[in-house]
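J.: Predicted model and sequence follow; I will ask about them next.
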Amino acid sequence: MGLSFEQISSYEWAEFQKLSPQCSVFSSVDFLESLGSSITYFLLRKGSEKIAGFPALHSNSEIEVPPFSVDAGIHYAAFKDLKENSRNELRHEINELFAAELFSRFEKISFNNHHSVIDLRAFDWLNYSTKSQVGGYEVRVRYTSHLQIRDGNEHLGYSQLRRRDLKNSLAAGAVVEPSDAISELDRLHSLTFERQGITRSEKEVQSLANIASRMLANGVGKLYLCQIAGQVVSATFWLVGNGIAHYLFGANDPEYRKTGSGTFCMDAAIMDLFKKNGIRTFDFVGINSPNRGAFKLSFGGEVVPYMQVHKLNPKC
């Protein structure tokens, strides 16, 4: 029985996605539609059985990596009744079809996969011996960090610098509370980029506002603000779903950096989500640049690889 490839509605995607082992807030309809780009949801069937799907965020003929996310790629059905060798064979067959169909439909392709999607040989092997003439794919390893909470004392595993930040913030009288004040997150985000000499694009500003407002409204987004002497000095924004909290945005007032308020706000959010929501896994959503990677890993999480797929066009 062969595989069939089709486009489906957002409702059908939501129904399939929530049953997939790769289900996450990043591949939810709410998150994807908050990004303001065109989305086409693809589904693979084997007979009448839904076996895999893919949410393609695209601009015209280019599939692009959704901003701020790590795992909105290939989604498989659970395949609970199959033995491991049969699951491997079926996933490879699925990937072969995805690789060929996407290659023929889109001129440019880049997407991240859930960290459980490891075997992407089908993409690497497409046009294996003729890539330079007709194009193909390249599979790249990227990294994120997962912090596992066990007993609520996980800050003892923080680096010495992070623990010093906590002491400095306490001495400065820092207080952290949940909030829905997106304007404060935006203000601090702007100040952070200005300090780094980066100008935010209109799309970046709008994306932050769209994501924060939509995800706060449906209860998936969690915003925490840190105040010192009545002044909001740090913010951290998380997405919560499927038992995982994903760190999406963090921002600080440069004038208060020495107080360690950014660390204090992060730690308070982690402890609050652990105590009130029962969250034990905290995803820091990418450690792929030196400065951000070092900061995120200093909270004591483990390094988790995930795969990024890129289409290679023929060399002229």
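T.: Yep, that arrived. Owing to the predicted nature of the structure, the values given are computational and were not obtained by experimental measurement.
J.: how about the helices in this protein?
T.: Secondary structure of the chain (DSSP state H): helices at 10-17, 29-34, 84-105, 121-125, 131-134, 160-171, 182-195, 202-217, 261-277, 290-297.
J.: just the ones you listed: most buried one?
T.: helix 261-277 (a mean of 21; mean count of other C-beta atoms under 10 Å). No exception for glycine: its C-beta is placed from N, CA and C like everyone else's.
J.: What are the contacting residues of that one?
T.: Under the criterion C-beta atoms under 8 Å, 6 or more residues apart in numbering, residues 147, 149, 152, 154-155, 158, 162, 165-166, 169-170, 172, 174, 176, 178, 222, 224-226, 228, 233-236, 238, 240, 245, 247, 250, 252-253, 279-280, 282, 299 lie in contact with helix 261-277.
J.: I'd like to know which of the helices of the chain lies nearest to residue 53.
T.: helix 10-17 (5.1 Å; C-beta to C-beta).
J.: rewinding a little: among the contacts of helix 261-277, which ones are buried?
T.: Among these, those classed as buried by 16 or more other C-beta atoms under 10 Å are 147, 149, 154-155, 158, 162, 165-166, 169, 172, 174, 176, 222, 224-226, 228, 233-236, 238, 240, 245, 247, 250, 252-253, 279, 282, 299.
J.: Check the gap between residue 217 and residue 210 for me.
T.: Applying C-beta to C-beta, to the nearest Å, the value for residue 217 to residue 210 is 11 Å.
J.: neighbours around the residue lying closest to residue 314 once chain neighbours are set aside, how many?
T.: Leaving aside its sequence neighbours, residue 314 sits nearest to residue 135 (C-beta to C-beta, 6 or more residues apart in numbering; 4.8 Å). Residue 135 has 16 neighbours, counted by other C-beta atoms under 10 Å.
J.: Show the contacting residues for residue 135.
T.: Contacts of residue 135 (C-beta under 8 Å, 6+ apart): 103, 127, 311, 312, 313, 314.
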